[in-house]
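Kindly return the folded structure for what I paste below:
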Amino acid sequence: MKNLKKALLAFVPTLLFPFSSIAGSGSAIVSHWSATDSTLRPTHIYISNINDNPVNVAVTFFDKNGNKISSANYVNFTSGNTTLEANSTGYVTIQSASLNYGYAVINWKDLPEHDNSVSLVAYALRIVTNTSSQNGNASIQINNGAPF
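Below you'll find the model as predicted:
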C-alpha cells in the first residue's frame, strides 16, 4: 500500500498539469573546425531549423587545447544571436588570425510553448584555400546528416 501511494504521488502532477510538458532539446558535435588567416580560411557551420517553431541555438567552440572560444560570428539569427526562426537557415563562422582548430557543440532548446523531438539539421564547411585563382572546401558532416 505504501508503494502504491508513492506511485500515485509521482503520477498525480502529470494528471493535474497535463500541458506542462518539458520543452524539447538536443545537441550534436562538430568533430572538427579549423581557421587561419583571419577571413581567408574560416569554418562555417550551417544550421537549419526544420520545424514550424523558432528554437534557441547555441554553438560553443573549443580550441585544440579544450579552451572555449567566443569569437564566432552568427548570421541570420535573432534575439542576440540565439534564436533561429522557423524553417530558416543561419550559419556561424569561426575565424582566427593564426592557425587554430578544435571541435564545437551545437545545442538547441525549444521555446517554452513548444515541444519538438528534433529541430535541427547541420553541416560544416571548411574553407581550405581561398585565393583569386584557387578555392578549396571541405565538408564536415554533423550527426551523419540526420536531424537532432
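
Please identify the buried residues of stretch 24-44?
For stretch 24-44, burial by neighbour count (16 or more other C-beta atoms under 10 Å) applies to 24-26, 28, 30, 33-35, 41-44. To be clear about C-beta, it is placed using only N, CA and C from the backbone, and glycine gets the same treatment.

my bad, stretch 93-111
Residues 93-96, 100-102, 104, 106, 108-110 are the ones in stretch 93-111 that count as buried (16+ other C-beta under 10 Å).

What residues are bridge-paired with the closest residue to T43 other than its chain neighbours?
Spatial nearest neighbour of T43, excluding adjacent residues (C-beta to C-beta, 6 or more residues apart in numbering): W33 at 4.0 Å. Listed by DSSP bridges, the beta-bridge partners for W33 are G102.

how about the nearest residue to E85 once chain neighbours are set aside, what does it touch?
Distance criterion C-beta to C-beta, 6+ apart; nearest residue to E85, sequence neighbours excluded, is P54 at 5.0 Å. Contact analysis of P54 by C-beta atoms under 8 Å, 6 or more residues apart in numbering lists 78, 83-86, 111.

and the residues you listed, which of them are in helices?
Using DSSP state H, no member of those falls within helices.

Please produce a PyMOL select command covering the buried subset of the residues you listed.
Buried residues among the contacts of P54 (16+ other C-beta under 10 Å), as a PyMOL selection:
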select buried, resi 83+84
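
Now, the contacts of P54 that are in strands?
When DSSP state E is applied, these are split such that 83-84 fall in strands.

Closest one of the contacts of P54 to L120?
Taking C-beta to C-beta as the measure, L120 sits nearest to L84 out of these, at 7.7 Å.

What residues are bridge-paired with the closest residue to the closest one other than its chain neighbours?
Excluding the flanking residues, the one nearest L84 by C-beta to C-beta, 6+ apart is N49, at 4.5 Å. Under the criterion DSSP bridges, N49 forms beta bridges with L120.
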